[in-house]
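J.: Predicted coordinates and the sequence they were generated for:
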Amino acid sequence: MTIVRFAPSPTGHLHVGNARMALVNWLHAKSKGGTFILRLDDTDATRSTTEFADSIEADLRWLGLQWDAIERQSERMDNYRKAFDALLEMGRVYPCYETPEELEYKRKRQLSRGKPPIYDRGALDLGDDERAAFDSEGRPPHWRFKLDHTSIDWTDLVRGDVHFDGVNLSDPVLVRGDGTYLYMLPSAVDDIDMGITDVIRGEDHVANTAVQMQIFAALGAAAPTFAHTPLLTGMDGKGLSKRLGSLTVSSMREDGIEAMAMNSYLAHVGTSDDVDVRPDLGELASDFDISHTGRGTPKFDAERLHALNAQTLHAMDFNTVSARIADLGAEFADDAFWQAVRPNLERLSDVMVWHDVCFGSVDPVIEIADFIAAATEVLPPEPWDEGTWKTWTGDVKEATGAKGKELFKPLRLAITGLDHGPELKALLPIIGRERILKRLNG
Ligand code: GLU
C-alpha cells in the first residue's frame with residue numbers, strides 16, 4: 001500500500017512549485033490506489049499561522065487534491081520528544097554550546113583553509129565540568145545528531161543511485177537551544193509513524209535525506225523510497241519562493257486559470273511526457289509515472305499555462321460550467337450559447353462579453369450604410385437555425401456583389417460591434433431576428 005505525504009510549512013501561500021509537489025504526490029498515490037496525507041509542518045510557532053494553513057487547504061481543495069488524512073506537527077511534540085530521548089539513550093545525540101558567532105567563525109576559518117565547512121564536533125571534546133559551567137552560566141545546549149561515518153546509499157526514483165558519505169556531512173542540529181525542533185527529526189519521525197512508503201520532494205532535500213536515512217536506521221525503521229525532483233523555477237531560472245505574489249495558486253485562480261489546466265500543466269512539466277489537457281485528475285493519474293521526471297530544471301511557462309487554460313475551457317461541457325457562469329451573471333446562457341462561445345474563451349469570465357453580444361446591448365459598427373441596408377432587406381424570416389447565416393449571406397452576396405471578407409466583416413461589425421468572435425452561423429439563431437434587425441438599423 002502506497003502512502004505519501006505533502007508537507008508544506010504554513011508560513012506562506014502555496015505557489016505553483018508547491019502545487020506541483022502536492023499534485024505529483026497525489027497522482028503518485030492515486031495511480032497506485034494509495035493514500036495521500038496532508039502534513040502541516042508547523043513546528044515554527046513564530047512563522048506558522050492558521051491563516052496560511054487555511055489558505056493551503058483551500059488551494060488544495062480548489063485543485064481537487066483531497067487528502068485522506070491531515071496531520072499537524074504542532075500536535076505531535078510528544079512523539080518527537082520520545083524519539084529524541086531514544087536517540088539520547090543510544091548516544092546518538094550530543095549537547096553543543098557554540099554560539100552562532102562561534103560557528104560562523106569556525107566555518108570561515110575552514111573555508112579560508114580550503115576545507116569544507118563541516119562541523120568539527122568540538123562539543124564532543126567537552127568535559128563534564130565544562131558542560132556544567134555552560135549550564136550554570138544559563139547557556140542552554142542545542143543538540144546534534146551524531147552521524148555514522150559510513151556510506152549512505154539509496155536508489156532514487158528520479159535521480160537513480162545516490163551516494164553520500166557520513167564523513168562529508170555536518171552532524172545536524174535536531175533541537176535548538178530553546179528546546180524547539182528543527183525540520184530534520186520531526187519529519188523523519190512522522191514518516192515512520194505515518195507509515196510513509198514514498199517520499200517525493202524537491203531536490204533541495206537530497207542532503208537531508210542522507211541524514212534522515214541514518215535517523216530512520218537509528219530509530220529501527222526501514223527508510224521509505226525517495227524521489228527528489230528538480231524544483232520549478234521562473235523563465236529566468238530563479239527560484240519561485242523568492243518572487244512576488246503573481247505565482248501563488250490563489251492569484252492564478254483569481255486570474256482565471258482553471259484548476260484542471262493547472263493540474264494538466266504541472267503534472268507533466270519537467271517530464272518526458274507531453275504536456276496536454278486532461279479532463280480530470282483520474283485521467284492524469286492513470287498514466288502518471290514519477291520516473292518520467294527529468295533531471296533538468298523545469299521552467300514555469302505562464303504562456304503555455306494560459307494556452308492550456310483556453311484548451312481546457314474549449315473542451316468543457318455546459319453542465320460543468322453552468323453554475324459558475326450563472327454566478328458570473330450569464331443568466332440567459334444555455335447549452336447552445338455555451339457551445340457557440342466556448343471556442344473564443346481564454347478565461348471563463350470572457351463569457352460575459354459574448355453574453356452581452358447575444359442577449360444584451362451592443363454598439364453596432366456600421367461603416368457602409370448602403371450595404372447594411374441591402375443586407376437588412378434580405379434578412380430571412382424566422383425560424384432560424386445554423387443554416388440561416390449561409391442563406392442570408394448568399395442573398396446579401398447576390399444583392400450587393402460583395403464576397404469574402406467584404407461580405408462577412410461588415411455584417412459581423414454591425415451585429416456584434418466587434419471584428420472577431422464566435423462563428424456567426426452559431427450566434428445568429430441565439431441572438432435572434434428581432435435584436436439583429438435593431439442592430440442593423442443602428
Ligand atoms: N516542510 C518541508 C518543506 O516544505 C517538507 C519537506 C519534506 O517533504 O520532507 O520543505
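T.: Received the coordinates, thanks.

J.: Ramachandran coordinates for residue 362?
T.: As for residue 362, its main-chain torsions (degrees, to the nearest 10) stand at phi -130, psi 160.

J.: pLDDT weak spots in the stretch 101-250 of the chain?
T.: 242-245 (pLDDT under 70).

J.: Give me the three-state assignment for the closest residue to the ligand within the stretch 151-300 of the chain.
T.: Closest residue of the stretch 151-300 of the chain to the ligand, C-beta to the nearest ligand atom: residue 201 (3.7 Å). Any C-beta I mention is one placed from the backbone N, CA and C, and that applies to glycine too. Following DSSP: H, G, I helix; E, B strand; the rest coil, we place residue 201 in the strand state.

J.: Repeat that for residue 279.
T.: Going by three-state DSSP: residue 279 is coil.

J.: Count the neighbours of it for me.
T.: 14 (other C-beta atoms under 10 Å).

J.: residues in the stretch 251-400 of the chain within reach of the ligand, list them.
T.: For the stretch 251-400 of the chain, no residue is in contact with the ligand (C-beta under 6 Å from any ligand atom).

J.: what's the answer for the stretch 1-150 of the chain, then?
T.: Counting by C-beta under 6 Å from any ligand atom, the stretch 1-150 of the chain sits next to the ligand at 7-9, 41.

J.: Just put these in CSV and tack on pLDDT and neighbour count.
T.: As requested, those are exported to CSV (pLDDT from 0 to 100; neighbours: other C-beta atoms under 10 Å):
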residue, pLDDT, neighbour count
7, 98, 23
8, 97, 23
9, 96, 18
41, 97, 20
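
J.: ok, those vs residue 234, which is closest?
T.: Using C-beta to C-beta, residue 8 is the member of these that lies nearest residue 234, at 19.8 Å.

J.: Tell me if I'm right that that closest one and residue 40 touch.
T.: Yes: using C-beta atoms under 8 Å, residue 8 is in contact with residue 40, at 6.8 Å.

J.: Now list whatever residues contact both of those two.
T.: Taking C-beta atoms under 8 Å, 6 or more residues apart in numbering as the contact rule, the neighbours common to residue 8 and residue 40 are residue 56.

J.: ok so, going back, run a quick neighbour tally on the residue of the stretch 151-300 of the chain closest to the ligand.
T.: That count, for residue 201 with other C-beta under 10 Å as the rule, works out to 22.

J.: for it, what are its contacts?
T.: Taking C-beta under 8 Å, 6+ apart, one finds 7, 21, 227-229 in contact with residue 201.

J.: Average pLDDT for the biggest helix by length in the chain, rounded please.
T.: Identified as the longest helix of the chain according to DSSP state H is helix 16-31. Across helix 16-31, pLDDT averages out at 97.

J.: Quick one: list the elements packing against that helix.
T.: strand 3-6, strand 35-40, helix 50-63, strand 198-202, strand 225-229, helix 249-254, helix 259-268, helix 281-286 (3 or more C-beta pairs under 8 Å, 6 or more residues apart in numbering; DSSP states H and E).

J.: Sweet, I'm off.
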